[in-house]
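A.B. asks: Next come a sequence and a model predicted from it.
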Amino acid sequence: MTVPPGAPGTLPGRDRAAPTLATLTVRPPGAAAGSAAPLLTLPLNPTEYAVSKAVTFAEIGIPGLDAPPLQFVRGGARTLKLDALVDAAEESGPGRRDVQKRWLDDFQSLTVRGGATHAPPVVTFAWGANPAFTGVVDSLSVTYVLFDLDGTPTRAKVSLSLKEFRTAAEQQLTTALTSPTVEKVWTVRRGDTLSSIAAAVYRDATRWRELAAANAVTDPRALVPGTALVVPALDRG
């Protein structure tokens, strides 16, 4: 989709660069983010957009404490929400004033299941120096606000919500799943030993003595499932 005539740009008689317009790019299956040509170039940049993320923690019930320790369970997907105006009211020429055909059909295609993936496409939102955001459409709302005399919609407000899309393989390449230099809490599961816990959190089974000392454990093989163990941080050196 091309930028329409009359979109914000260089002002007559002034040396002013045109603004960078926001784009939505569909990522083909198996391709890297942003490797394809944009499906949509917004005729006007978003009026606002927000990125949010939720994180889930579990309370560990230990008798006698005023406040339970918290153990990280999982991160939630980030969500990007943007509001934008698509406007063809000032256009001239056959069919150019129909905002539905010029932009909104492409927006709505982002919610339709594709033949190759049997799911709606993965898209990347990019806007100048702002960090790119890759996700799937979580919701789409279109409000028509201006019409021609024959009912043709010429202006609409679009509210789009994207939910972050990152494969497990991508996350494993960029995120360390263990951090021995940060103190944490481990809830004992059936079959756990101090050696196996040390191997999981320190990547070194021989460091079980640090766990034993921090938790006053006298028998490292006799752990009660459900017990909350403090996992002390190791010195960075």
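C.D. replies: All right, it came through fine.
A.B. asks: all contacts plus neighbour counts: C-alpha atoms, from now on.
C.D. replies: Fine.
A.B. asks: Please list all residues in contact with the residue nearest to the spatial centre of the chain.
C.D. replies: With distances taken as CA atoms, centre = their mean, Glu164 lies nearest the centre of the chain, 2.7 Å away. By CA atoms under 8 Å, 6 or more residues apart in numbering, Glu164 lies in contact with 77-80, 133-136.
A.B. asks: tell me the domain ranges of this structure?
C.D. replies: Listed by automatic domain parsing, the domain ranges of the chain are 23-173, 178-231.
A.B. asks: after the helix or strand of the chain with the lowest mean pLDDT comes which helix or strand?
C.D. replies: Least confident helix or strand, the chain: helix 168-174 with a mean of 61, by mean pLDDT, DSSP states H and E. Downstream of helix 168-174, the first helix or strand assigned by DSSP states H and E is strand 184-187.
A.B. asks: and that next one, C-alpha only, in PDB?
C.D. replies: The C-alpha trace of strand 184-187 is given here as PDB (Å, rounded to 0.1, in the frame of the first residue of the first chain):
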ATOM      1  CA  LYS A 184      16.200 -17.400  44.200                       C
ATOM      2  CA  VAL A 185      13.800 -19.900  45.800                       C
ATOM      3  CA  TRP A 186      13.400 -23.600  44.600                       C
ATOM      4  CA  THR A 187      10.400 -25.600  45.600                       C
END
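A.B. asks: Which residues in that strand does the neighbour count mark as buried?
C.D. replies: Under the neighbour-count criterion of 16 or more other CA atoms under 10 Å, strand 184-187 has 184-186 buried.
A.B. asks: strand partners of it, parallel vs antiparallel please.
C.D. replies: Strand pairing for strand 184-187, determined by DSSP bridges: strand 228-231 (antiparallel).
A.B. asks: Identify the residues contacting the partner strand?
C.D. replies: Contact with strand 228-231 is made by 60, 62, 183-188, 211, 214-215, as judged by CA under 8 Å, 6+ apart.
A.B. asks: go on, stretch 64-73?
C.D. replies: Stretch 64-73 is contacted from outside by 56-62, 184-186, using CA under 8 Å, 6+ apart.
A.B. asks: Just the buried residues of it, please?
C.D. replies: For stretch 64-73, by 16+ other CA under 10 Å, it's Gln71.
A.B. asks: Kindly check the end-to-end length of that stretch for me.
C.D. replies: 23 Å (CA to CA, to the nearest Å).
A.B. asks: and that stretch, average pLDDT?
C.D. replies: What stretch 64-73 shows for mean pLDDT is 82.
A.B. asks: again with stretch 109-127
C.D. replies: Stretch 109-127 comes out at a mean pLDDT of 86.
A.B. asks: Around Pro43, how many other residues sit close by?
C.D. replies: 23 (other CA atoms under 10 Å).
A.B. asks: I'd guessed it sits against Leu21; true?
C.D. replies: Yes - look at Pro43 against Leu21 with CA atoms under 8 Å: they come within range, at 7.4 Å.
A.B. asks: helices and strands around the longest strand that the chain contains, which ones?
C.D. replies: Taking DSSP state E as the criterion, the chain has its longest strand at strand 130-147. If you count contacts as 3 or more CA pairs under 8 Å, 6 or more residues apart in numbering; DSSP states H and E, strand 130-147 packs onto strand 122-127, strand 153-164.
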